[in-house]
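**Student:** model this:
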Amino acid sequence: MGRRSSPSAHGPSQPLPILTGGGVLIHCTAGKDRTGVAVALLLEAGGAEREAVVADYTRSQAELAGPWAERMLEGVRAAGLPVLPEIEQLAVSTPASAIEAALAEVDARGGAAAYLRSGGLSDDELAQLRARLREESGA
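**Tutor:** Take a look at the predicted model:
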């Protein structure tokens, strides 16, 4: 998380579909970096326990294994870089420590709800998010 970053994809004229009964698709190449942080923020702001958020993030690891991971690592090699353990972890894994570090940055800014508020999410929308996530989970 950059020091100057702030959520900005949501605006007052664009309600989050999850709040209006629709679904949400959040997508990036691997589904672990931008997607993982976005989903973690929504889950935390929605009232999920930190342990559950971290477990959700690390579950992506199984999806990254195999052909996709090999293509990513081949791209690293093609760029003339050695595939060191640190580079491999960064490129093709979802360690708990990565999302824990991102969430620690968010915590330093007041938590997920405050971070999302800074990007325009209202208190009413946060309440709707919490209610919707509880509804979907059966809680």
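**Student:** any idea which helix or strand carries the residue nearest the centre of the chain?
**Tutor:** Closest to where the C-alpha atoms of the chain average out (CA atoms, centre = their mean) is Val37, at 2.0 Å. Per DSSP states H and E: Val37 is located in helix 34-45.
**Student:** Moving C-terminal from that helix, which element do we reach first?
**Tutor:** Following helix 34-45 in sequence, per DSSP H and E, is helix 50-58.
**Student:** helices or strands up against that following helix?
**Tutor:** helix 34-45, helix 96-108 (3 or more CB pairs under 8 Å, 6 or more residues apart in numbering; DSSP states H and E). No exception for glycine: its C-beta is placed from N, CA and C like everyone else's.
**Student:** Let me see the residues that make contact with it.
**Tutor:** With CB atoms under 8 Å, 6 or more residues apart in numbering as the contact definition, helix 50-58 has outside contacts at 32, 36, 39-40, 43-44, 48, 94-96, 98-100, 103.
**Student:** Give the buried residues for the biggest helix by length in the chain.
**Tutor:** The single longest helix within the chain, with elements called by DSSP state H, is helix 123-137. Residues Glu125, Leu126, Gln128, Leu129, Arg132, Leu133 are the ones in helix 123-137 that count as buried (16 or more other CB atoms under 10 Å).
**Student:** Check the fifth one and give its pLDDT.
**Tutor:** This means Arg132. Arg132 carries a pLDDT score of 84 in this model.
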